[in-house]
Each structure stands twice: as structure tokens, then as C-alpha cells.
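Visitor: need coordinates for the following:
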Amino acid sequence: IDKKDIEITVKGNSGTVTYNGEEQSVEGFTTSDLPAEVLVENAKAAVAGTNAGEYAMNLDKADFTITGTNAGNYNATFKVVEDGRLTIEKASLSIEVTGNTKTVTYDGESHKVSGFTNTELPTGLSVTNEAAEAQGTEVGSYKMNLAANDFKLEGDTASNYTASFTVAADGKLTIKKADVEAKLTASDSVSVYDGKSHTIEAAVSGNYASDYTIEYSVNGGEWTTKAPSMTNAGEAKSVEVRATSDKYVDIAAQTVTLQVTPKALTATAKSAEKVYDGKALTEDEVTISGLVEGESATGTASGSQTEVGESANTVAKVSFGENTKASNYEVTKTAGTLKVTPKAVTITVEGNNSKVTYNGEEQRVDGFKVEGAPEGVTVDLKTGSSAAAVGTNAGTYAMELTKEDLSVSGASNYDVTLKVVDGKLTIDKKDI
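Guide: Below you'll find the predicted structure:
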């Protein structure tokens, strides 16, 4: 009895695993249907590997044999239709990186920070990034600008991993301002209006003064490098003054006052004087003193004096020109004097005269006449005085009238000089 020829197809076993750093394997195979009590053996039908990749069993038909109690009845030929294979896939590795940071003080030199830290890695692995660096000279913050695509996984086993990178925090170099000896001096500016602009004077002293910029804030407003100024009089302004620098620590703000106060201006009414003439004495002229050059103002007075005496010639109004602001001046009004002096008059009082002939009886002459008295002025005898000449016998009898015997009324506006011409009684002798 001849052995029966049979063909056995063989398919190697395959397996897919993930890299774990250990050796991993796959073995064995499958065959087409076999006769009863016939087995197939191949001691080489196995493959092993550690690193990620594909590993073939490289099955060879010559390595296959049949065994079993019924194997002697067959002549077996083998056909490998599919090789066995071990596939080790790369392991996923999530890596979180944090850029290094560094803080230095400005010194005019270039500074640098480089590198990063990362989460723990399997032994033998490292992360690289040639762009992980920040560099600067001036005060400020300099970022590395780390990007996940710039990181690489290095090491003998790096090819076994699919690495994904996450930047937890960017790297940064901080150059802070240096503290140097510098002093800010600012002073109040309170001045009287003079038509000119006035501003706050401020300066920084010290070796680093030129590196500072002086800034101003008026009444809590925005900061500006332009110093505030005032030309016209007005309310005081609260000005904060500070000094800032790109390189050095800022100098704390100081508070000063900016104000222009009104200028003293005097309006003086002119004085006038005259002798009483029954007409009102007025003087409109007002002298203005204290004006800033190029500005103008006029004034008017309102006084009036008619009777003998004096009164104030007050400043009624001060008017400013178109180029002049009233608020820039504090006006003091000074009154002049209007004075009317008495008019000198001479009033002649002449006693009456009488010439009679002796008749043996008492005879007399009374009264007087007044010449030169202004209207409203009267001359009268004082109580107890007499303006009479009395006689009986032939002769001349004087009234003996004097100024002391007379009173003048209604003459408050006059300086009266009384001229008295005495009256007399003449009694001639009688012819017999």
C-alpha cells in the first residue's frame, strides 16, 4: 500500500501589540484540514521582537513535518500561503513641557533664558527644542513662544513612541527696572496775572536724569508729557508730577499747585475843586493803574457837589477793552474828592444918615441899607444891638454901628466880608 500524497496549506499566526519595552512574541500557525490522527509540527514557527516594527516568522515549507499515529500513511507537501507576523506598534506618549523663566535687573547687557522642563519620560529618552530660548537687553518681558511642533523626542528607544507635546507654560525672560539714585524736584507755580504763560517747573537730577521722562496729570486727568500752563487768572489746579523711565524704577508722583491770581488794578476817580457858583461840580475822569501792557480799561465817576463842602467822587463803573478780561484783575475803586469852596463876597452895610435943624425936641435916624449881598443872603441886627443915632441939641450924633452888631444869614456858600459905614444924625443950629 503506497503512501497517499497530500498538500497541506499553512498560514502563520500574526499578532499586533503595543511597544512596552519588553520582548513580545507570536508563535504557531494554522493549516488546512488534516487527515485523522495527523499533526503538523514546525519548531521554528515563532517570531519575537522588542522595538516597534514588523517581524516576520519567515516560515519555510521545509521546516514543516507531519506527526501522529497515522502520519506514516502520507507523503505530505507543504505550501505556506501566509507568513506569520508580529507587529509592535509605537506607544503613545503625552509630554507636557514648561518653559524656563528668569528675572534679572536691567544693566544694559544682554540676558538670556533657555530650556524647559517636561513630565517624566521612560528611561533613556529626552526632549529637545533648539528654539527654546528668550533673549533681551531692555526692560520688558521676552517670551520663548514655545510651539508643540518644535519639540522632538530623542533617545535610543525614541522610535518606539508617538510623542504628542503640550506647552503648559511658555518660557519667559523678565528684565525689571533698576533702582538708581535719581530725584524729582517740582515746585508750585502761583503767580499774579501778567499776560504771560506760566507753567510748572520740574526736573530730575542724578546720573540717570536723561533716561527719565517727566509726566503731568491735572486734577486727576490723563498723564501727559506736556507741562500744564496757565495764562489767565483762575482756580488753582492740582498737578501731579512723576518721572518714568524705560530702564529705571519710576519716581513717585508729587503734587504741586498751578495758579494765576488776579492782578491788582486801581481805578481812581479824579478830584476837583471850585469856588461856589451855584452849579454842580462833577468830574468824570477816572485814572486806571495796574493794567498789563497792551490791555485797556476805562472808568466813569458819579460824584456831584453843588453847595460849599466836599463829597466823594466815586467810581461808578470800570469797563474793560475787547482784548482784556475782567477776571484777570481785582479792581480797587478809589474815590476822589469834589470840593466847593465859599465864594468871597463883600457886603457893605451903610447906616442911614439924616441932617435936621434943632427944634428943641429929640430927633433920630434909624436903619441901614445893604449893598452887595447875593440872593438869599440877608444882614440883620443882632438882638440887643441898635442901628440908630439920637440927639436933641445941635451937633453930630454917630450910630456907632459895627460888624459885631450885625448877623449874616443864608451865606453858607460864601466867605463874607462885612464893610460897615456908620450912620449919623446931624442937628444943625437953628437961625434966630
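Visitor: and the helices in the stretch 151-300 of the chain?
Guide: Along the stretch 151-300 of the chain, counting by DSSP state H, counting those that start in this stretch, no stretch forms helices.
Visitor: return the residues in contact with S205.
Guide: By CB atoms under 8 Å, 6 or more residues apart in numbering, S205 lies in contact with A182, K183, T185. (Each C-beta comes from the backbone N, C-alpha and C, glycine too.)
Visitor: and the longest strand for this protein?
Guide: Determined from DSSP state E, the single longest strand within the chain is strand 251-261.
Visitor: please spell out which residues along that one are buried.
Guide: I251, A253, V256, L258, Q259, V260 (16 or more other CB atoms under 10 Å).
Visitor: packing partners of it?
Guide: Under the contact criterion of 3 or more CB pairs under 8 Å, 6 or more residues apart in numbering; DSSP states H and E, strand 251-261 touches strand 183-187, strand 189-192, strand 198-199, strand 229-230, strand 237-244.
Visitor: give me the sheet partners of it and which way each runs.
Guide: Here strand 251-261 is paired, per DSSP bridges, with strand 189-192 (parallel), strand 237-244 (antiparallel).
Visitor: look up how far K355 lies from the residue of the chain most remote from its centre.
Guide: With distances taken from the mean C-alpha point of the chain and given as CA atoms, centre = their mean, the most distant residue is I432, at 124.8 Å. Counting by CB to CB, to the nearest Å, the gap from I432 to K355 is 19 Å.
Visitor: what about the longest strand of the chain, average pLDDT?
Guide: Taken as a whole, strand 251-261 has an average pLDDT of 97.
Visitor: before we move on, what about stretch 55-64?
Guide: Stretch 55-64 comes out with an average pLDDT of 96.
Visitor: list of residues touching it?
Guide: Contact partners of stretch 55-64, identified using CB under 8 Å, 6+ apart, comprise 8, 10, 12, 26, 29, 40-49, 76-80, 83-88.
Visitor: hmm, try it at 10 Å
Guide: For stretch 55-64, contacts defined as CB atoms under 10 Å, 6 or more residues apart in numbering pick out 8, 10-15, 24-29, 31, 40-49, 76-88.
Visitor: which one of the helices and strands packed on strand 251-261 lies nearest to K176?
Guide: Between K176 and the helices and strands packed on strand 251-261, the tightest spacing by CB to CB is seen for strand 237-244, at 14.3 Å.
Visitor: in the closest one, what counts as buried?
Guide: Buried, per 16+ other CB under 10 Å, within strand 237-244: K237, V239, E240, V241, R242, A243, T244.
Visitor: same deal with stretch 168-181?
Guide: D170, G171, K172, L173, T174, I175, K177, A178, V180.
Visitor: of these, closest to G220?
Guide: The shortest gap between G220 and any of the buried residues of stretch 168-181 belongs to K177, at 25.1 Å (CB to CB).
Visitor: dump the residue contacts of D156.
Guide: Residues near D156 by CB under 10 Å, 6+ apart: N51, T123, G124, L125.
Visitor: cool, D150 as well?
Guide: V97, T128, N129, E130, A131, A132, M144, F165, V167.
Visitor: in a strand, the first one, correct?
Guide: Pointing back at V97 there. Yes: remark: V97 belongs to a strand, assigned using DSSP: H, G, I helix; E, B strand; the rest coil.
Visitor: that one: neighbour count?
Guide: V97: 22 surrounding residues under other CB atoms under 10 Å.
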